[in-house]
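Chemist: Structural data only, the sequence is not supplied:
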């Protein structure tokens, strides 16, 4: 208990001075997704002024954003769906993981275009 109190104080001080604490480095990928997901949803729902070059039209850009957001959602609920609850079958899980990986590739490709 005392060790946890010490760590909580240490991490609070680190957040004040660095903006993050040591525990944020334990799973950086998860932290990036948890930080980015609500912002991606807000960006998708906002009145955007256009779409990036290399994209044909607004509808194509929205499909790309849909796939990226789906990938982030899948990542965030993956453990609940498969590891703990086994609520979906293996084929559905495999398809979900393929969609997730595709969405992550799109995120990497289009990350510099996520502005308005």
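Modeler: Arrived safely, thanks for sending. Worth saying up front: this structure is predicted, and the values here are computed from it rather than measured.

Chemist: Just give me the residue closest to the centre of this structure.
Modeler: Central residue of the chain (C-alpha atoms, centre = their mean): residue 33, 2.6 Å from the mean position.

Chemist: helices or strands up against the helix or strand where that residue lies?
Modeler: In the assignment (DSSP states H and E), residue 33 maps to helix 28-45. Under the contact criterion of 3 or more C-beta pairs under 8 Å, 6 or more residues apart in numbering; DSSP states H and E, helix 28-45 touches helix 58-78. C-beta: built from backbone N, CA, C; applies to glycine.

Chemist: relative orientation of the helix it packs on and helix 28-45 in degrees?
Modeler: For helix 58-78 against helix 28-45, the angle by axes from the mean of the first three to the mean of the last three C-alpha atoms, to 10 degrees is 140 degrees.

Chemist: Residue 56: what secondary structure?
Modeler: coil (DSSP: H, G, I helix; E, B strand; the rest coil).

Chemist: Tell me, what's the model's pLDDT at it?
Modeler: What the model reports as pLDDT for residue 56 is 95.

Chemist: re earlier: so how far is residue 75 from the residue nearest to the centre of the chain?
Modeler: Applying C-beta to C-beta, to the nearest Å, the value for residue 33 to residue 75 is 5 Å.

Chemist: do residue 105 as well
Modeler: 13 Å.

Chemist: Show me which of these two is the more surrounded one.
Modeler: Legend: neighbour count by other C-beta atoms under 10 Å for residue 105 and residue 75, higher for residue 75 (20 against 13).

Chemist: Who are the contact partners of that one?
Modeler: By C-beta atoms under 8 Å, 6 or more residues apart in numbering, the residues touching residue 75 are 30, 33, 100.
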